[in-house]
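Enquirer: What follows is a predicted protein model with its sequence.
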Amino acid sequence: MKSLLYIGNQFNNIGNKSSVDILGLLFIREGYKVFSASRKRNIVLRLLHMLWTCFTYRKNIDFVLIDTYSTLNFYYAFFVSQLCRFLKLPYIPILHGGNLPVRLKKSPKLSKAIFNYAYKNVAPSEYIKSNFEDLGYSNIVCIPNSIELSNYIFKERTFDKVKLLWVRSFSKIYNPLLAIKILKGLNDINIDAELCMVGPDSDGTMQEAIDYAKELKVEVNITGKLSKKEWIELSKDYNIFINTTNFDNMPVSVIEAMALGLPVISTNVGGMPFLIEDKLTGILVKPNSEKVFIKAIQELLNSPKESNVIAINARKKAEQLDWNIVKNQWNKVLK
């Protein structure tokens, strides 16, 4: 079986479990030999460790997988990819960042140096794939983010009270304050509602959310980071999942909510229209507006049968993203 080197950020005490650890373990289960880097906290040491690991294992690996985002990690991807080119190692950028289309236009020379020479570029959504193709990149394949479906038990919800669940890291790009505005708006029109927000703090936004809830005089249950098992158990007590982000690709948390039977209301940004079909597998609304979220919540509340039909359709969509299906696409690329 093939040997892989997976390059990405592996430290987990700030964020959720890394893509390297999740996907890397799935590859190991499939029989691949997987090396990885890096767990270094310091950004310079992290880059040096990534490059050193590439050089060290250059004779032992068949492919280098590179987690690629639009911000600081973009430069890790650049330097690692250029070393791979020098060492004649086939590399595969995995295009996670929902804002990568902006980066392509902002840094065209660096982007071409990375993506034009890749063995394949793997896009988790048709949104990213289509944006790359529009700019002339042809060596790209869509392999969606996946879940292990057996870990997610579908539950039909009741809608006697609005119980909102938000699961994401606390970061400005995911717009967590909008979730609190939604709760306040529901309270102002006398709709009985509660909100639980789950996720680690990535840029200080969690404290901002706590302070904002106090300012608006609403009670929000902010749990901080929970394990996958813990938040799945907690989700049983909630009946609507809200995704308030301003930028997105194909978020695993939304796929998980769909698998669990939570009707999803999401902003209509990035890759979300490629994951959710409006009014069929979820509800899509314009970003940064609590009013459109509140209207969508009222629709779900007033039509419980239709809401559960949406949830059932969403579960069927999530079933197509089970690892046992998606792994075949990876095996085809890595054959």
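Expert: Perfect, I can see it now. Numbers count the residues shown, from 1 in each chain.

Enquirer: quick one: secondary structure of residue 44?
Expert: helix (DSSP: H, G, I helix; E, B strand; the rest coil).

Enquirer: Can you report how many residues neighbour it?
Expert: For residue 44, the neighbour count with other C-beta atoms under 10 Å is 8. Any C-beta I mention is one placed from the backbone N, CA and C, and that applies to glycine too.

Enquirer: Report the secondary structure state of residue 93.
Expert: Under three-state DSSP, residue 93 falls in the strand class.

Enquirer: isn't it right next to residue 116, touching?
Expert: No - the criterion here is C-beta atoms under 8 Å, and residue 93 misses it with residue 116 at 11.0 Å.

Enquirer: These two: which is more packed in?
Expert: Set side by side, residue 93 and residue 116 show more neighbours around residue 93, with 26 against 12, by other C-beta under 10 Å.

Enquirer: For that one, name its beta-bridge partners.
Expert: Bridge pairing for residue 93 (DSSP bridges) gives the partners residue 66.

Enquirer: show me what contacts it?
Expert: Residue 93 makes contact with 66, 68, 77, 81, 114-115, 118, 121-122 under the criterion C-beta atoms under 8 Å, 6 or more residues apart in numbering.

Enquirer: now do residue 299
Expert: Each residue near residue 299 by C-beta under 8 Å, 6+ apart is listed here: residue 283.

Enquirer: Okay, buried residues for the host helix or strand of it please.
Expert: Using DSSP states H and E, residue 299 sits within helix 290-302. Neighbour-count burial for helix 290-302 flags 290, 292-294, 296-297, 299-301 (criterion: 16 or more other C-beta atoms under 10 Å).

Enquirer: Can I get stretch 270-277 as CSV, trimmed to CA atoms?
Expert: The C-alpha coordinates for stretch 270-277 follow below in CSV (Å, rounded to 0.1, in the frame of the first residue of the first chain):
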residue,chain,number,x,y,z
GLY,A,270,-19.3,29.9,-0.2
GLY,A,271,-19.9,26.2,-0.6
MET,A,272,-23.2,26.1,1.4
PRO,A,273,-25.5,26.1,-1.7
PHE,A,274,-23.5,23.1,-2.9
LEU,A,275,-24.2,21.3,0.3
ILE,A,276,-27.7,22.4,1.1
GLU,A,277,-30.6,22.7,-1.3
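
Enquirer: Please renumber the chain so that the first residue is 14 from this point on.
Expert: Done: numbering now begins at 14, and the last item shifts to stretch 283-290.

Enquirer: Pull the residues that contact it.
Expert: For stretch 283-290, the external contacting residues (C-beta under 8 Å, 6+ apart) are 111-112, 137-141, 256, 258, 260-263, 267-268, 277, 279, 295-297, 327, 330.

Enquirer: mind listing the helices for the stretch 14-163 of the chain?
Expert: 32-42, 56-69, 85-100, 113-119, 121-128, 139-147 (DSSP state H, counting those that start in this stretch).

Enquirer: no wait, the stretch 214-348 of the chain
Expert: Going by DSSP H, counting those that start in this stretch, the stretch 214-348 of the chain shows helices at 218-229, 241-248, 265-273, 285-288, 303-315, 317-332, 336-346.

Enquirer: Can you tell me which of these is packed in deepest?
Expert: Most buried of the helices of the stretch 214-348 of the chain, by mean neighbour count (mean count of other C-beta atoms under 10 Å): helix 265-273, with a mean of 24.

Enquirer: what comes up buried for stretch 177-196?
Expert: Using 16+ other C-beta under 10 Å as the burial criterion, the residues of stretch 177-196 that qualify are 177-184, 186-196.

Enquirer: Residue 137 touches residue 109, doesn't it?
Expert: Yes - the pair residue 137 / residue 109 is scored as a contact, 6.7 Å apart, by C-beta under 8 Å.

Enquirer: which residues do these two both contact?
Expert: Shared contacts of residue 137 and residue 109, defined by C-beta under 8 Å, 6+ apart, are found at residue 262.

Enquirer: more crowded one of the two?
Expert: Higher neighbour count among residue 137 and residue 109: residue 137, with 25 against 21, using other C-beta under 10 Å.

Enquirer: for the more buried one, what are its contacts?
Expert: The contact partners of residue 137, taken as C-beta under 8 Å, 6+ apart, are 107-109, 155-158, 262-263, 284.
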